[in-house]
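A.B. asks: Show me how the following folds:
(2 chains)
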Amino acid sequence: MRPIVEITALNVSLHRAGRAVAVLQDIDLTVRAGEILALLGESGSGKSTLALTLLGLLPDASRPLISGSIRIAGAEVVNAGPAELRALRAGIGVVFQDPVGSLNPTMNIGRQLGEAITDGRSPEYWLDRVGLSRPRERLRCLPHQLSGGQCQRVMIAMAMARRPVLIIADEPTTALDVFVQARILQLLRQIACEEGVAMLFVTHDLGVAGVLADRLALLHAGRLVEVGEVKDVLRAPAHPYTLSLLAARFGLGVDRQRQLPVSEFWSNNGSGGARPLVSSQPWPAIRGADQREKRERAAPWLLVMTEVCKRFVLPRRSLFAAPVTVKALERVSLRVADGEAVAIVGGSGSGKSTLLRLAAGLDQPEEGCVLYSAPDRPQMVFQDAIGSFSPWLSIGEQIAEPLRLLALSGSERRRRVAQTLARVGLEAALCDARVNRLSGGQCQRAALARAIIVPPRLLLCDEAVSAVDLHVAAALLNLIGVLRRELGMALIFVTHDLAAARFVAERIIVMEAGHIVECGPSEALIEHPTHAATRRLLDSMPDRLAL
Amino acid sequence: MIAGRVACIALGAMTVLAALGPLLAPANPLLRVDVPYLEPSLQHWLGTDEIGRDLLSRVLYGMTRAWFPSLVIIFFSAAIGTALGALGAAAGGWVDLVLDRLSELFTVIPSTFVALATVAAIGSGTWHAVLAISLVWWPWYARITRSEVRNVAARPFVSAARLAGVRPPRLLTRYQLPAAFPSLLVAATLDMANVILMLSFFSFLGLGAPAPAPELGAMAARSMVSLTTHWWIPLAPAFAIFVLAFATNLAGDGLRTAFE
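C.D. replies: Model (predicted):
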């Protein structure tokens, strides 16, 4: 196959805070027609910068310095003038992470698609091509009337309608539900095969990259550490970084009796050439396990939710439409024993987060009751780790909030904060920092610190590891497991990822459309799923997808 | 950081200039010093006005008389508005309803009218005008505060703080209210020009300081007839108003950048 993208000896430096920082170094990469190349990297690895460099869209404000060569279908991108770049971009289709935000909210789908079409086909044809049902009716829809997955299909249709030689897809499924992700990946695979375009698929998700792509390019700290056929890379990784990444991957087969093997390699910015320290630690002993029986006899359940209902009223679709009520939870009952780890699994809109907010006491149920039998309050770790800290107060001050209820001296309080930060693996220096200085993983650790500084009997985690990179997610899962055992806490872990649920929890609860549809011990439930919703969740996991 | 410094310098320079105005003025602004309608010269930098008073002295005094009362008005109306807006947003329910309707009421009744009525009731004078304007000026700040506090209430960090046991007063002042400060500050600095004009308007109607007093708006309005013959006489006070307004806008932008 002829090469579409040829990148040779590419170096990119961007200015940050007045200093030039080398973001990409010595990149050599080829993407051929008809193949999907997954550009895999963690946040900050430079993968989005590479995608923007290909498009000639690096922000002028960061005064980019580019050397080397990028040829797309034979035309040079580096140092091209505005007119040449425009001509180049006409041959590239782009699909971004946020499909709803990428569409013009004031223009209907048909007109937006019409502007992209160059070959005289009807917009209807393209909507049908990307598998949108009832295309004729959709043409008149505005973006907010479509779901995220439907908008992403429209974006793909717009990218395809330009008859591009290259499609750049930058994390196109990251913001989508697991079920939708599976269908979008199938669509991308099908389109790449049938239309014979080259596709650069930028992602942080090894599972997705492994199942979708033909070839894999692994970017780490601005350098390509591995390029090759997906099968070869996964079977015989050559670079220690790849090795550590593969080791940190948690699938359905991972050993639950030990911690996940997380290497030290990734944290030292890739400078070390040493082999990664891949080892898996055993779990610590569960604190208070011997007294658990006695406590359970006194009060068998820590949390009892009985037939809780919660409804939300959606905004009206038009002036004369009746308001629509969504039943987020419909007569859901849940019991959690002291010290037990429970995972609640489901797609988006299944009601799992609503259930967690009720358990935390942040919302009240319309019907039914929530009984929490410990004297403290459950503590919670939120999905949006960065958003769960106020930007105006220091991290230390916010972590110390639960201590204000105990009459402690200032020095005692500072000692407890430092101790807790060390416990979750954060430097004491971060105490005085604001949230904007912390990475997503650090924020999630700080959120854990705030939750356990006064150890609660019940810890709630809402998609706590969904938004972070693989290494960070593995380390966080280990940390949650260790803390739960050391402090003898019960845990409710909400996730869409069955592998994480199985690893963390002893019992899994599957939710769909506001109901609990299946419940059972982790291993057994995944071995023998009885409900269709569980099977659908299993089938949409990247390592089980058949494309 | 540079923007923040520029902002502080601009605000500081205005305040110093306004404070030193009377000391810098070469002549008494109320007395005739020369023949009327003199062109700018070394002796009278901006010339003299219709009755022969030194125009530079009048403008400098005018800046003093415009700047400090405006600062006081902004300060008081922002304080009242922030308190009422935050209270409504935090309390919710009927408290919020009453406060919100009250601020709407003050918005729909022409504030000039209410202020004029107040001055008519308590008598004229600069500080009476300040009080009257402050009483009608707060609803904007209340609405900004209320909407920002309510917006931020849905953010995860407010939920997280509630779970961490933060009590409502602290939750409001430490977690929610800071969200409103940047908008309030920008609104306040943009408002300075309006307040300066409002004060001038009051003085023009004889409800501020009485006629011979050097108030910038009144000076500009009264000498407008000279615009075609001696253009600098109305333009000098107008330009002074422009400088004051521009400096505060610059400061507002700078402070906003510094906040972000």
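A.B. asks: For the rest of this, base every contact and every neighbour count on C-alpha atoms.
C.D. replies: Will do.
A.B. asks: Tell me how many other residues crowd residue 84.
C.D. replies: I went with chain A, as the question did not name one. A:Glu84 has 13 neighbours, counted by other CA atoms under 10 Å in any protein chain shown.
A.B. asks: um, chain B though
C.D. replies: The burial count for B:Leu84: 24, using other CA under 10 Å.
A.B. asks: go on, the one 4 residues further on?
C.D. replies: Number of residues near B:Gly88 (other CA under 10 Å) recorded here: 24.
A.B. asks: Is the residue in the stretch 151-300 of chain A that chain B sits nearest to in a helix, a strand, or coil?
C.D. replies: Closest approach between the stretch 151-300 of chain A and chain B, counting by CA to the nearest CA: A:Ala175, at 18.3 Å. Per DSSP: H, G, I helix; E, B strand; the rest coil, the secondary structure class of A:Ala175 is coil.
A.B. asks: what does chain A have sitting close to chain B?
C.D. replies: By CA under 8 Å from any CA of the partner chain, the residues of chain A that approach chain B are A:360, A:362, A:377-382, A:384, A:387-390, A:392-393, A:398, A:401-402, A:405, A:450-451.
A.B. asks: average pLDDT across the helix or strand encompassing A:Val21?
C.D. replies: Assigned by DSSP states H and E, A:Val21 falls within strand A:19-32. The average pLDDT within strand A:19-32 is 90.
A.B. asks: tell me which residues of it are tucked away?
C.D. replies: A:Ala22, A:Val23, A:Leu24, A:Gln25, A:Asp26, A:Ile27, A:Asp28, A:Leu29, A:Thr30, A:Val31, A:Arg32 (16 or more other CA atoms under 10 Å in any protein chain shown).
A.B. asks: Centre of the chain to the helix or strand just after that strand, how far?
C.D. replies: Going down the chain from strand A:19-32, the next helix or strand is strand A:36-41, by DSSP H and E. Averaged C-alpha coordinates place strand A:36-41 at 16 Å from its chain's average position (CA atoms, centre = their mean, to the nearest Å).
A.B. asks: can you list the residues that contact the helix or strand just after strand A:36-41?
C.D. replies: Counting by DSSP H and E, the next helix or strand C-terminal to strand A:36-41 is helix A:47-55. Outside helix A:47-55, the residues within contact range by CA atoms under 8 Å, 6 or more residues apart in numbering or on different chains are A:23-24, A:39-41, A:58, A:70, A:77, A:85, A:89, A:92, A:168, A:170, A:202, A:219, A:222.
A.B. asks: ok now helix A:47-55, how far from the chain's centre?
C.D. replies: 20 Å.
A.B. asks: ditto for stretch B:107-127
C.D. replies: Chain-centre distance of stretch B:107-127: 16 Å, with CA atoms, centre = their mean.
A.B. asks: hmm, stretch B:246-260 touching chain A?
C.D. replies: No - judged by CA under 8 Å from any CA, stretch B:246-260 makes no contact with chain A; its nearest approach is 9.9 Å.
A.B. asks: mind listing what's buried in that stretch?
C.D. replies: Buried, per 16+ other CA under 10 Å, within stretch B:246-260: B:Phe246, B:Ala247, B:Thr248, B:Asn249, B:Leu250, B:Ala251, B:Gly252, B:Asp253, B:Gly254, B:Leu255, B:Arg256.
A.B. asks: again, but for stretch A:281-291
C.D. replies: A:Trp283, A:Ile286, A:Arg287.
A.B. asks: need the contact list for the residue lying closest to the second one once chain neighbours are set aside.
C.D. replies: The shortest distance from A:Ile286 to any residue that is not its chain neighbour, by CA to CA, 6 or more residues apart in numbering or on different chains, is 4.2 Å, and that residue is A:Arg485. By CA under 8 Å, 6+ apart, A:Arg485 lies in contact with A:Trp283, A:Pro284, A:Ala285, A:Ile286, A:Arg287.
A.B. asks: How about A:Val342?
C.D. replies: A:Val342 neighbours (CA under 8 Å, 6+ apart): A:Val336, A:Leu491, A:Ile492, A:Phe493, A:Ala505, A:Glu506, A:Arg507, A:Ile508, A:Ile509.
A.B. asks: swap the cut-off to 10 Å and go again
C.D. replies: By CA atoms under 10 Å, 6 or more residues apart in numbering or on different chains, the contact list for A:Val342 reads A:335-336, A:460, A:490-494, A:501-502, A:504-509, A:519-522.
A.B. asks: who in the stretch 101-250 of chain B is up against chain A?
C.D. replies: By CA under 10 Å from any CA of the partner chain, the residues of the stretch 101-250 of chain B that approach chain A are B:152, B:155-167, B:174-176, B:178-179.
A.B. asks: Quick test: name the residue nearest the centre of chain A.
C.D. replies: A:Ala467 (3.5 Å; CA atoms, centre = their mean).
A.B. asks: A helix includes it, no?
C.D. replies: No - assignment of A:Ala467 by three-state DSSP gives coil, placing it outside any helix.
A.B. asks: I'd like the distance between it and A:Arg331.
C.D. replies: For A:Ala467, the distance to A:Arg331 equals 30 Å [CA to CA, to the nearest Å].
A.B. asks: can you check A:Val31 too?
C.D. replies: 53 Å.
A.B. asks: got a list of contacts for the host helix or strand of B:Pro22?
C.D. replies: If you go by DSSP H and E, B:Pro22 is part of helix B:2-24. Applying CA under 10 Å, 6+ apart, the external contacts of helix B:2-24 come out as B:1, B:28-29, B:56-68, B:71, B:189, B:243-244, B:246-259.
A.B. asks: let's see 7 Å
C.D. replies: B:60-61, B:63-64, B:67, B:247-248, B:250-252, B:254-255, B:257-258 (CA atoms under 7 Å, 6 or more residues apart in numbering or on different chains).
A.B. asks: Go through those and say which is closest to chain A.
C.D. replies: B:Ala258 (13.2 Å).
A.B. asks: Helix, strand, or coil at the closest one?
C.D. replies: Taking three-state DSSP, the label given to B:Ala258 is helix.
A.B. asks: A:Met511 now?
C.D. replies: Secondary structure state of A:Met511, per three-state DSSP, is strand.
A.B. asks: which non-adjacent residue is nearest it?
C.D. replies: Going by CA to CA, 6+ apart, A:Met511 has A:Gly346 as its nearest residue, at 5.0 Å.
A.B. asks: Run through chain B and note the low-pLDDT ranges.
C.D. replies: For chain B, applying pLDDT under 70 flags the ranges B:1, B:3-4, B:204, B:206, B:208, B:210-211, B:259-260.
A.B. asks: ranges for the helices of it?
C.D. replies: Counting by DSSP state H, chain B has helices at residues B:2-24, B:55-91, B:93-108, B:111-122, B:126-137, B:139-153, B:156-163, B:168-170, B:181-204, B:216-222, B:232-259.
A.B. asks: what angle sits between the first one and helix B:232-259?
C.D. replies: Relative orientation of helix B:2-24 with respect to helix B:232-259: 150 degrees, computed using axes from the mean of the first three to the mean of the last three CA atoms, to 10 degrees.
A.B. asks: element containing A:Leu14, please.
C.D. replies: Here A:Leu14 is assigned to strand A:3-16, by DSSP H and E.
A.B. asks: name the helices or strands packed onto that strand?
C.D. replies: Applying 3 or more CA pairs under 7 Å, 6 or more residues apart in numbering or on different chains; DSSP states H and E, one finds that strand A:3-16 contacts strand A:19-32, strand A:65-72.
A.B. asks: Contact partners for the one residue in the stretch 51-200 of chain B that gets nearest to chain A?
C.D. replies: Per CA to the nearest CA, the residue of the stretch 51-200 of chain B with the smallest distance to chain A is B:Phe157, at 3.8 Å. Counting by CA under 7 Å, 6+ apart, B:Phe157 touches A:Gly387, A:Ser388, A:Phe389, A:Ser390.
A.B. asks: change it to 10 Å
C.D. replies: By CA under 10 Å, 6+ apart, the neighbours of B:Phe157 are A:382, A:384-391, A:398, B:163, B:175-176.
A.B. asks: Okay, buried residues for the strand holding A:Leu14 please.
C.D. replies: Residues of strand A:3-16 classed as buried: A:Pro3, A:Ile4, A:Val5, A:Glu6, A:Ile7, A:Thr8, A:Leu10, A:Asn11, A:Val12, A:Ser13, A:Leu14, A:His15 (neighbour count, 16+ other CA under 10 Å).
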